[in-house]
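Enquirer: Got a predicted structure here, sequence first:
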Amino acid sequence: MCKVISISNQKGGTAKSTTAVNLGIGLAREGKKVILLDCDPQGSMTISLGFSDPDAMEVTLATLMTRVVNEEELHVEDAILHHEEGIDLIPANIELSALEVSMVNVMSRETILRQLIEEIKDSYDYCILDCMPSLGMVTINALACADSVLIPVQAAYLPVRGLQQLIKTIGRVKRQLNPKLEIEGILLTMVDNRTNYAKEIAQLVYDSYSSAVKVFETKIPISVRTAETSLEGSSIYKYDPKGKAADAYRGLTEEVLNG
């Protein structure tokens with residue numbers, strides 16, 4: 001049974017792609033079969049995994065979604081890339097932006113990605129979707145096909161306040177498109193554990209949301225090493241296995257596995 005997790009926040013710079021990569025590879029390291037879908041036209045996750053020129057790729061997520069719209073044979077295998085750390089990836093590039101614009105007039109436009117996921121989910125234990133920093137049509141598609149949403153949020157006051165809009169959108173998608181959709185949890189990222197400010201923000205998140213939504217015990221520390229992994233095309237486990245960030249992402253993986 002494949003679990004589909006969308007990693008989403010309409011605000012940029014919250015470590016969505018980093019979290020998608022390290023959670024995905026963390027699950028693979030625990031023996032799970034994992035595929036990542038890059039649902040962001042910037043291709044951040046694709047680049048983070050070492051595929052440095054996504055715009056040059058001929059077959060991407062946009063290609064597959066276009067095939068769904070046109071009712072063509074999918075041939076998903078055309079798009080799947082294999083990463084040395086044991087995960088598969090369907091990449092994204094700028095073509096996804098053009099597709100988002102053209103989807104406005106498509107019938108059942110919110111469920112195009114769901115049809116694609118149905119084709120691949122039997123081959124995997126986890127399918128992780130890295131959403132773009134907006135609540136546009138591709139993100140709605142990602143929420144409409146997911147079992148749960150993991151929300152990374154930067155440990156700062158304004159990003160935390162911005163969570164309310166995202167939680168409302170998730171509620172709307174649950175009511176109108178995807179009754180099974182749940183919130184996997186809120187994950188605090190870029191936490192500077194040396195400051196009282198970070199502790200206050202963590203407490204604010206807990207006080208504001210924990211009665212209705214899971215707040216992960218794991219907090220991802222601010223780390224230069226984590227930022228450097230994108231240049232290496234590898235996970236934090238390979239780049240800095242004994243660092244605090246690697247420990248934190250191991251903790252997150254464990255929390256997700258234990259539900």
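Expert: Right, received. Where do you want to start?

Enquirer: Show me the strands in the chain, by range?
Expert: In the chain, the segments counted as strands under DSSP state E are 3-7, 34-39, 81-82, 88-90, 126-131, 148-154, 182-191, 215-221.

Enquirer: now those in TSV, with mean pLDDT and mean neighbour count?
Expert: All C-beta atoms are positioned from the backbone trio N, CA, C, and that covers glycine. Formatted as TSV, the strands of the chain follow (pLDDT from 0 to 100; neighbours: other Cβ atoms under 10 Å):
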stretch	mean pLDDT	mean neighbour count
strand 3-7	97	24
strand 34-39	98	27
strand 81-82	96	14
strand 88-90	98	24
strand 126-131	97	26
strand 148-154	95	24
strand 182-191	95	22
strand 215-221	95	19
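
Enquirer: could the ones you listed go into TSV alongside distance to Leu113?
Expert: Listed next are the strands of the chain as TSV, based on distance: least, Cβ to Cβ, whole Å:
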stretch	distance to Leu113
strand 3-7	10
strand 34-39	8
strand 81-82	18
strand 88-90	11
strand 126-131	8
strand 148-154	14
strand 182-191	18
strand 215-221	25
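
Enquirer: Out of the ones you listed, flag the one nearest Leu163.
Expert: Leu163 sits nearest to strand 148-154 of all the strands of the chain, at 6.0 Å, using Cβ to Cβ.

Enquirer: what sits up against that closest one?
Expert: The contact list for strand 148-154, computed with Cβ atoms under 8 Å, 6 or more residues apart in numbering, reads 3-9, 11, 13-16, 19, 23, 143, 159-160, 162-163, 166, 170, 181-190, 205, 220, 256.

Enquirer: any idea of the angle it forms with strand 215-221?
Expert: Angle, strand 148-154 to strand 215-221, by axes from the mean of the first three to the mean of the last three Cα atoms, to 10 degrees: 40 degrees.

Enquirer: Sheet partners, orientation included, of strand 148-154?
Expert: strand 3-7 (parallel), strand 182-191 (parallel) (DSSP bridges).

Enquirer: right, so of those, which gets closest to Gly233?
Expert: Smallest distance to Gly233 across the strands paired with strand 148-154 (Cβ to Cβ): 19.1 Å, for strand 3-7.

Enquirer: Run through who's touching that closest one.
Expert: 16, 19-20, 23, 39, 117, 121, 125-131, 142-143, 145-152, 184, 256.
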